[in-house]
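Asker: sequence? don't have it. structure:
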């Protein structure tokens, strides 16, 4: 009978071991997303982080990262929310890398007081990339004329339906350099003297966990369960933080609006296809 009542008590309140909350930050980092195509951004991550850091008895929060990167803005926002909560709740942050924590994924990983990866994980890619397609020749072939009217000479900068302009490319590269510098300063601030003096650390290259350890990009090799038990005892428990669910058991996402939804669904499908291609390209860079 005692065992029955014990099972009714949440793990973190049981006396048979410390419970460490675990937040999974997995996926490409993009604004938007939805119920049928979840992505990683501040809106999706914030409720999980708030819940994890609110576990008063936990001495630390474990964050599992598996992301090829994406939006630098969303990456930095998630990073900052983790650091703010860690300082506010006075908890240690342990980051564990699964397949990959690269580019924006590595930026988020910097929020950890320690970064631990598998020997074969991919880490790094400290750089900035922009990509797209150009269609001016296609329009000529199919007999379509592009008509654009603007107030402001730069309003159609980098228009994919017009030939590239050298000054547009130079401007885009200046933005990339600015973002890259911010990324570099974050790495230096968080990794400090641990970083190796290597010319390619900030070049955009990426490495295995074993090489990342040599370069000072991570602190150790291991796995989440093993490290938690080593630090907090064999009876330590992992408490996976799950998204809130609605009355009918579905995970809650953004609000929806009833009514004529055919057009929005079609528009979302087209936007989702483009985002899916972009997401696939992010993962493919790392052979995943």
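Answerer: Yes, it's here. Just so you know, these numbers come straight off a predicted model, no measurement behind them. Numbers count the residues shown, from 1 in each chain.

Asker: Distance check, residue 42 against residue 210.
Answerer: Distance, residue 42 to residue 210, by C-beta to C-beta, to the nearest Å: 32 Å. Quick note: C-beta positions are derived from backbone N, CA and C, even for glycine.

Asker: so residue 50, which of the three states?
Answerer: helix (DSSP: H, G, I helix; E, B strand; the rest coil).

Asker: contacting residues for it?
Answerer: Applying C-beta atoms under 8 Å, 6 or more residues apart in numbering to residue 50 gives the contacts residue 85.

Asker: Neighbour count for residue 42 and residue 210, which is higher?
Answerer: Neighbours per residue, other C-beta atoms under 10 Å: of residue 42 and residue 210, the larger number sits with residue 42, 19 against 15.

Asker: where does the closest residue to the more buried one other than its chain neighbours land on pLDDT?
Answerer: Nearest residue to residue 42, sequence neighbours excluded (C-beta to C-beta, 6 or more residues apart in numbering): residue 77, at 4.3 Å. Turning to residue 77, the model gives it a pLDDT of 97.

Asker: same deal with the one 10 residues further on?
Answerer: Taken from the predicted model, the pLDDT recorded for residue 87 is 97.

Asker: quick one: what helix or strand has it in it?
Answerer: Here residue 87 sits within helix 72-89, counting by DSSP states H and E.

Asker: What residues sit buried inside that helix?
Answerer: 72, 74-79, 81-83, 85-86 (16 or more other C-beta atoms under 10 Å).

Asker: tally of neighbours for residue 24?
Answerer: There are 19 residues near residue 24, going by other C-beta under 10 Å.

Asker: partner residues bridging it?
Answerer: Beta-bridge partners of residue 24, counted by DSSP bridges, are residue 64.

Asker: before we move on, back to that, may I see the buried residues of the following helix or strand past the helix holding residue 87?
Answerer: Following helix 72-89 in sequence order, the next helix or strand is strand 92-102 (DSSP H and E). Neighbour-count burial for strand 92-102, counted by 16+ other C-beta under 10 Å, picks out 93-102.
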